[in-house]
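Peer 1: here is my input; please provide its structure:
(one chain, ligands or ions: 1)
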Amino acid sequence: MRAAALTLQLALLAGCGGPQSALAPAGEHAESLARIFWWMSAAAVAIWLLVVGISARAMFRPAQGDETTRLRKAKQLIVYGGMVIPSVLLTGLLVYGLALLPRMLAPAPSGSLQVLVEGRQWWWRVRYLPQGGGDPVELANEIRLPKGEPVEFLLESHDVIHSFWIPALGGKVDMIPGRRTRLSLLPTKTGELRGACAEFCGASHAFMAFVVVIQEKEDFLRWLEHQRAPARVPDAPLERAGRSVFLANGCGACHSVRGTTADGVIGPDLTHVGGRASLAGWLPNQPADFERWVAQSSRLKPGAHMPMFHMLPPSERGALALFLESLK
Ligand code: CUA
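Peer 2: Below you'll find the model as predicted:
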C-alpha cells in the first residue's frame, strides 16, 4: 500500500518537469499559466485546511454556551465561511485569471517572426514565411525559435481537427480545416522542448509529437540561413546511389529535395532531413531509422499515407537511408 502511494506520488511529481510540462515554463504565457496554477493550488489547499480545521473543532470540542449563542455562532459561520469568504476569494482569483487573458490573446507585434504550421495525417508541416521575399523554409515535426523574440503561429489543418500545443511555451489552439487560427508566443529560455497534438484526431494521434528547439538569436539565424540553402550534393558513392534510388522510385512525387528534380508537396520537404532532431516526430534520426521508416512507414505510424517501400532490395534501402541521413 505504502509502495503504491509512493509510486503515485513520484508519478505525479514527474509530471511537473521535463520538456513537455506546463509547470516547467520556458515561455512568457506558460510562466503566467504556471503562476496562476500555483496560486489556485495554494488557495485550494488553504481553504481545505481551514474547512478540515473547523470540522475537527466541531467534532472534538464539547459544545459551549447556551442554545441562542450557539445558533448565532452557527449563523455567523454560514454567512462568513459559506458566503463572504468564498465570494471574496473566488472573485479575486477570477479577476487575477481574467486579467492575464488580454496579454495572452494579443497578436505578436507586426514584423515578428511568422511560422505557418499545418496539421497533416499525422505530422506537422512547418513553414517559415520569408519576411523579405524568397522561398519559405520548410521542415516537418520540428520548430526552431529564437529566445526572447515574439513569434506568431498561423495554424491550419488539411483535413481533420488537430490542436497545436507546446505546454512549456503556452496554451493550445485548435487547427480547423478551412480556417486559419493564430497563436502568439514568446520563448524565454533556450533548450529542447516537446510539443504535441492535444485533440484526438485519428489512428496516429498519439504519434503527433514534435520537437521545439529554442536557440539564441544568432544561432537561430545561422540555422535559418543554412535551411534556405539547397540540399547538399552527396559525394560518397553509396550516398549518390541512394539519391538515384530516391529519384528512380518516385519519392519526388510526394517529397521535395531542393536542388534535385524532386519537388513533391504532399509529404515533408526532405532538403535538410538529416539535420533534424527526430524522424517522423519520434524516431531517432539515424540511417537505421530511415531504413526502418522507408520499409514500414504505416506500421510505425498507423494510418500514415506514405506507402511502405519494403519491396526495395536491402542494399537499395541502405543506400537510400545513407543519402537521406547525409542531407544535413
Ligand atoms: Cu493531430 Cu491529434
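
Peer 1: where do the strands of the chain begin and end?
Peer 2: Per DSSP state E, the chain carries strands over the ranges 113-120, 123-128, 137-140, 142-146, 151-157, 162-165, 173-175, 181-185, 191-197, 209-215.

Peer 1: close to the ligand: what parts of the protein are there?
Peer 2: Neighbours of the ligand within the chain, by CB under 6 Å from any ligand atom: 119, 122, 162, 197, 199-201, 205, 208. In this view, the C-beta of every residue, glycine as well, is placed from N, C-alpha and C.

Peer 1: show residues contacting stretch 90-104.
Peer 2: Residues outside stretch 90-104 that contact it (CB atoms under 8 Å, 6 or more residues apart in numbering): 29, 32-33, 36, 39-40, 43, 170-171.

Peer 1: for it, buried residues please.
Peer 2: By neighbour count with 16 or more other CB atoms under 10 Å, stretch 90-104 contains no buried residues.

Peer 1: could you do stretch 99-119 as well?
Peer 2: By neighbour count with 16+ other CB under 10 Å, stretch 99-119 contains the buried residues 108, 113-119.

Peer 1: ok, so of the residues you listed, who is nearest the ligand?
Peer 2: Distance to the ligand, by CB to the nearest ligand atom, is smallest for residue 119 among the buried residues of stretch 99-119, at 5.5 Å.

Peer 1: that closest one bridge partners, please.
Peer 2: residue 124, residue 157 (DSSP bridges).

Peer 1: report the contact partners of it.
Peer 2: Residue 119 makes contacts with 155-158, 160, 162, 164, 175, 197, 201, 208, as judged by CB under 8 Å, 6+ apart.

Peer 1: how about a cut-off of 7 Å?
Peer 2: 157-158, 162, 175 (CB atoms under 7 Å, 6 or more residues apart in numbering).

Peer 1: buried among the residues of the chain next to the ligand? Need that as a selection in PyMOL.
Peer 2: Selection of the buried residues among these in PyMOL, burial being defined by 16+ other CB under 10 Å:
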select buried, resi 119+122+162+197+199+201+205+208
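
Peer 1: a markdown table for the residues of the chain next to the ligand, including pLDDT?
Peer 2: Below are the residues of the chain next to the ligand laid out as a markdown table (pLDDT from 0 to 100):
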| residue | pLDDT |
| --- | --- |
| 119 | 96 |
| 122 | 90 |
| 162 | 97 |
| 197 | 96 |
| 199 | 95 |
| 200 | 96 |
| 201 | 95 |
| 205 | 95 |
| 208 | 93 |
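
Peer 1: can you add distance to residue 130 and give the residues of the chain next to the ligand back as TSV?
Peer 2: Shown next, in TSV, are the residues of the chain next to the ligand (distance: CB to CB, whole Å):
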residue	distance to residue 130
119	22
122	27
162	25
197	27
199	30
200	34
201	29
205	32
208	26
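
Peer 1: among the strands of the chain, which is the most enclosed?
Peer 2: Highest mean neighbour count of these: strand 162-165, a mean of 26 (counted as mean count of other CB atoms under 10 Å).
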